[in-house]
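Undergrad: coords please:
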Amino acid sequence: MTLLALGHACVDVYQGAVAALVPFFVSERAYTYAAASGIVLAASLLSSVVQPLFGALTDRWAMPWLLPVSCVVGGAGVALAGVGDSYALTLVVVAVSGIGVAAYHPEAARVARAASRGSHTAMGWFSLGGNLGFATAPLLVSAVVATGGLHASPLLVVPALAGAALCVAALRSGRRGAPATAGPALAADDRDDWPSFLKLTGAIMCRSVVFVGLSAFISLYARQLAGGGEVAGTAALFVLYVGGAVGTVAGGRLATRFGRVPVLRWSYALTVLAVAGVVFVPGPALYGCVALTSAGLYVPFSLHITLGQDYLPRRVGTASGVTLGLAVSVGGIASPAIGALADATSLRTALAPLTVLPALGWLLVRTLREPGGRSAKEAE
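TA: This is a model prediction of the structure:
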């Protein structure tokens, strides 16, 4: 599981890197908010469309080779994003990166589920790897691009190469141990609970819009609100991402004690207040609100994955593609609308509607029940 988590970290660097590049596109290429958010959309749109497709494919066939290949594709797209000054080329290569990331997650979640034997605590550690990748992205991008400019972006391919090597090592280790295709056994009466899964998916989409919207603009917003230039922006994005690492581990532990669904409800309720703080609390207190938002968004992250897989026990790949990959990518579809509103008004006005979405997510998860009668201890 350690190798899988580290490989996950290397892949998810490229989900966080796109948002981390936005301030540099604005400053070096003079992009408007709408144009910059279009790059986030390019990384998200195709990823959102193809993610369930890859999930359906992994439900039918084990495709472990996708892990190293998709890692390289995801990294190559971001590495080429700063090459040349063509907006169209930037959109294309970032979209290719999104496809690579989309291809990785369903198969990786299937392999991780088999390795963890369905434990949501173990899946929390796998998810932690991805969160650490997110957290590292703004620091890595800032170190490379702030020093050498956007034209230094090819250096960003290094984590992809490391991730591909880790994925190969993890797969070889899996073949020597428990078979990668194994997983929790299905009972004869196990059925897919689509109504519950669709409610969960709706809540995940609300979370995704909030997360991607803040990821795309929190750096620029922090520069305006707290001052401090690039350092202030990078720090705000880092807090948003690194808080997720803490929240993901806490989510698994809290779910073991209180149950997954109650933890989901509390998390969405907390996020309503935290996002309101990000938007309306002035000055350096912004960073505390960003940290609370990160916790509220990430405590349920690994729980989304295991709940989705348990709601669709016969379609684990599809469930993983939606809960693990689509959870991040679908929010990018709303980014251009946020950017256009920011161009017409202000960033604060554009971010204000994000406070409503966690409340809608809470309404969706409040009626959910633990799938199949599993207790928290049984899932540990």
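
Undergrad: Now do the helix or strand harbouring Leu139: which elements does it pack against?
TA: With elements taken from DSSP states H and E, the one containing Leu139 is helix 120-148. In terms of contacts (3 or more Cβ pairs under 8 Å, 6 or more residues apart in numbering; DSSP states H and E), helix 120-148 is packed against helix 2-29, helix 87-116, helix 158-176, helix 229-258, helix 301-311. The way it works is simple: take the backbone N, C-alpha and C, and place the C-beta from them, glycine included.

Undergrad: show me where the stretch 201-350 of the chain has helices.
TA: With DSSP state H, counting those that start in this stretch as the definition, the stretch 201-350 of the chain shows helices at residue ranges 229-258, 260-280, 286-298, 301-311, 316-320, 327-329, 335-344, 347-351.

Undergrad: I'd like these laid out as CSV, including distance to Gly130, mean neighbour count and mean pLDDT.
TA: Shown next, in CSV, are the helices of the stretch 201-350 of the chain (distance: least, Cβ to Cβ, whole Å; neighbours: other Cβ atoms under 10 Å; pLDDT from 0 to 100):
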stretch, distance to Gly130, mean neighbour count, mean pLDDT
helix 229-258, 8, 21, 83
helix 260-280, 17, 21, 94
helix 286-298, 10, 23, 92
helix 301-311, 8, 26, 88
helix 316-320, 12, 27, 80
helix 327-329, 9, 26, 63
helix 335-344, 20, 20, 88
helix 347-351, 24, 19, 93
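
Undergrad: Give me the below-cutoff pLDDT ranges for the stretch 1-150 of the chain.
TA: The model of the stretch 1-150 of the chain has pLDDT under 70 over residues 116-122.

Undergrad: just checking, Leu312 touches Thr323?
TA: No. Assessed by Cβ atoms under 8 Å, Leu312 is found out of contact with Thr323, at 9.5 Å.

Undergrad: show me the residues around Gly75 that make contact.
TA: By Cβ atoms under 8 Å, 6 or more residues apart in numbering, the contact set of Gly75 is Cys10, Val13, Tyr14, Ser97, Gly100, Leu156, Val157, Pro159, Ala160, Leu161, Gly163.

Undergrad: How about the first one, nearest residue that isn't a chain neighbour?
TA: Read it as Cys10. Gly163 (2.7 Å; Cβ to Cβ, 6 or more residues apart in numbering).

Undergrad: now swap in the fourth one and tell me
TA: Computed as Cβ to Cβ, 6+ apart, the closest residue to Ser97 that is not its neighbour in sequence is Gly77, at 2.6 Å.
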